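J.: model the following, please.
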Amino acid sequence: MLPRAANYQELVERFRWQIPEHYNIGVDACDKWAETDRLALIHLRDDGSAQRYSFADLKRLSNRCANLLETQGIEQSDRVAILLAQGPETAIAHLATYKLGAIAVPLFTLFGEEALEYRLADSGARVVVTDHGGAMKIAAIRDKLPALEAVISIDGGEHTLDWHQLMARASDGFLPVDTLANDPALIIYTSGTTGPPKGALHAHRVLLGHLPGVEMPQSFFPQPGDLFWTPADWAWIGGLLDVLLPAWHHGVPVLAHRFAKFDPEKAFQLLADYGVRNAFLPPTALKIMRTVSSPAKTQLRSIGSGGETLGAEMLDWAQETFGVTVNEFYGQTECNLVVSNCAEIMAVKPGSMGRPVPGHRVAIVDDSGRELPAGEPGTIAVRRPDPVMFLEYWRTPEATAAKFRGDFLMTGDQGAMDDDGYLRFVGRDDDVITSGGYRIGPGEIEDCLIKHPAVALAAAVGVPDPLRTERVKAFIVLKEGVSGDAALVREIQDFVKTRLAAHEYPRDVAFVDALPMTATGKIIRRALRDS
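T.: The predicted structure is shown next:
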């Protein structure tokens, strides 16, 4: 746990990693709390009813699941795919997999057959735990998955085993495998914004590595009465390791509910009804919530946000709406939560992701891995060893080697660090727009665009230009009731030109119904460039 400190520098000086030689996520996030009556999970079902689980409940159920998986032949280092939305079965399957010493492969329920086939085949998963919808997708590709031996469904499906029958027959007793902290525990596939998804293999220590990066933006989490929720799916690192498992490490309950389609009014109401105190709200969720005219009053103590940079406009709105400062943070699937803001101990600078989280060594480097001076743009990099850093790309040594320059993990993201150690995100290598000799990050343009009263969501990309190399093109989702025409295009162009710079305004503007996004709320600019 982060020590209390009067300021950022004191916090950095006082922090020390405590990574034991032997460590198991399932034991740490569940079993150590099972002798108490602590509440672990509130599952809000689609029908509005809620079911509560204690840590003792989760220990008993995850032990049964571990025995169930063992009867299916699962051994240490085997892969178990978990194709489920937020819910108790998802969490139970994760805990059981870790206790077995097997490797969990979380998969997003909205993946299509092609996406599932790629990940299941690449990981060599032997068992999938899913629901009826997932089972139907897998049935269509089953003949292309030679390693897959069993599909266990929580609510039926073609050619599946029945979760409830198997759980009823399984024993409550299970002795967890005594894993090393460096033993593999989890494969999370990258979102694929810059090429085919790669399986980032993480060790059990990854949970401990996440803790300071959760505790800092969540205002020295945990505090008495804390309750955590995120709309981000647990299939992604943001939902699983920014919220669920860190909360359970600290014995803090989590609210489980994921909207089939994100509804901003219902999100406000959920936060209010259950007295949620801590939230991870991706930038896209916050931008959509901003459209609610009369939101329910919440009791939030802390909000963390990451994935895209928030501008001053969004930060001011959030402060006024929630009564707390949104602490932005930064990381990626391979090395998550290494930079963060924390309004309690340092000033929050709009446009900045914050400073390096204690325990992580973050720098701006050139293409060779040489550290650059303050103010000079380059690649955001993290020095190894680091407990939050991935072990490798699953069975892809060439891609793993290419991720590093010496001891620096190269994130592929462009940024700059000021004299005070604050990092500013410029964009991904392939997101940076080169126009007339200028290198333009899309984030600043997008922040400006959403300030326009007609704009709900916006994305900026570079498109080929014979004179400038690239020119800025904006894709805009208009607010309800607003129609796009040539006059509005000119108005928006002038709006940006007068607020940023002449070389940054969008020379092309396209009005669209929606923006392509990853499941974690990141805009897929590559898809827009190719459209």
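J.: C-alpha from now on. contacts and neighbour counts both.
T.: Will do.
J.: all strands of the stretch 401-531 of the chain, in order?
T.: Here the stretch 401-531 of the chain has its strands, by DSSP state E, counting those that start in this stretch, at 404-405, 408-417, 423-428, 433-435, 438-440, 455-465, 469-478, 508-511.
J.: worst average pLDDT in those?
T.: Ranked by mean pLDDT, the strands of the stretch 401-531 of the chain end with strand 438-440 in last place, scoring a mean of 76.
J.: could you look up the SS state of V151?
T.: The three-state label given to V151 by DSSP: H, G, I helix; E, B strand; the rest coil is strand.
J.: thought G87 was touching A256?
T.: Yes - G87 is within contact range of A256, at 5.8 Å (criterion: CA atoms under 8 Å).
J.: more neighbours: the two, which one.
T.: Using other CA atoms under 10 Å as the criterion, G87 and A256 rank with A256 on top: 24 against 18.
J.: ok, and the closest non-adjacent residue to the more buried one?
T.: H43 (4.8 Å; CA to CA, 6 or more residues apart in numbering).
J.: do A459 as well
T.: Excluding the flanking residues, the one nearest A459 by CA to CA, 6+ apart is F475, at 5.3 Å.
J.: which residues touch the closest residue in space to P442 that isn't next to it in sequence?
T.: Nearest residue to P442, sequence neighbours excluded (CA to CA, 6+ apart): A460, at 5.3 Å. The contact partners of A460, taken as CA atoms under 8 Å, 6 or more residues apart in numbering, are P442, G443, I445, E446, V472, K473, A474, F475, P506, R525.
J.: if you set the cut-off to 6 Å instead, what comes out?
T.: P442, K473, A474 (CA atoms under 6 Å, 6 or more residues apart in numbering).
J.: tell me which of those residues is nearest to I103?
T.: Closest approach to I103 among the contacts of A460 (CA to CA): P442, at 36.9 Å.
J.: quick one: pLDDT of that closest one?
T.: On pLDDT, P442 comes in at 89.
J.: so how far is D172 from it?
T.: Noted for P442: a distance of 53 Å to D172, by CA to CA, to the nearest Å.
J.: thinking I380 is in contact with I364, fair?
T.: Yes - when contacts are counted by CA atoms under 6 Å, I380 is listed as touching I364 (4.8 Å).
J.: who's the residue nearest to P442 bridged to?
T.: Note on A460: beta-bridge partners by DSSP bridges are A474.
J.: same question for S293, what's its three-state structure.
T.: Counting by three-state DSSP, the backbone at S293 sits in coil.
J.: what mean pLDDT does the lengthiest helix in the chain have?
T.: When the chain is parsed with DSSP state H, its longest helix is helix 55-71. Predicted confidence along helix 55-71 averages 98 (mean pLDDT).
J.: same thing with stretch 266-281?
T.: Model confidence over stretch 266-281 averages 98 on the pLDDT scale.
J.: surely I92 touches R60?
T.: No - applying CA under 6 Å as the test, I92 and R60 come out as separate, 9.5 Å apart.
J.: and the longest helix of the chain, which residues are buried?
T.: Using 16 or more other CA atoms under 10 Å as the test for burial, helix 55-71 gives 55-69.
J.: low-confidence ranges, the chain, go.
T.: 191-195, 437, 439, 519-520 (pLDDT under 70).
J.: spatially central residue in it, please.
T.: By CA atoms, centre = their mean, the chain has its centre lying nearest to G238, at 2.2 Å.
J.: gap between the residue nearest to A459 and V463?
T.: 12 Å.
J.: quick one: which of these two has more around it?
T.: F475 (23 against 17).
J.: which parts of this protein belong to which domain?
T.: Per automatic domain parsing, the structural domains of the chain span 24-179, 435-530.
J.: point out the most buried one among the ones you listed.
T.: Ranked by mean neighbour count, the domains of the chain are led by domain 24-179 with a mean of 20 (mean count of other CA atoms under 10 Å).
J.: how far out from the middle of the chain is it?
T.: The chain centre lies 20 Å from the centre of domain 24-179; the measure is CA atoms, centre = their mean, to the nearest Å.
J.: go on, stretch 173-190?
T.: Centroid separation for stretch 173-190 versus its chain: 20 Å, with CA atoms, centre = their mean.
J.: hmm, who's touching it?
T.: Contacts for stretch 173-190 (CA under 6 Å, 6+ apart): 21-24, 63, 99-101, 103-105, 197-205.
J.: the same query, at a cut-off of 7 Å, please.
T.: 20-24, 63, 67, 98-106, 197-205, 236, 333 (CA atoms under 7 Å, 6 or more residues apart in numbering).
J.: now, which of these lie within helices?
T.: Those of the contacts of stretch 173-190 mapping onto helices are N63, N67, Y98, K99, L100, per DSSP H.
J.: of these, closest to D226?
T.: For the ones in helices among the contacts of stretch 173-190, the nearest to D226 is Y98 (25.5 Å; CA to CA).
J.: wait, the closest one sits on V27?
T.: No - under the criterion of CA atoms under 7 Å, Y98 is not in contact with V27, lying 8.2 Å apart.
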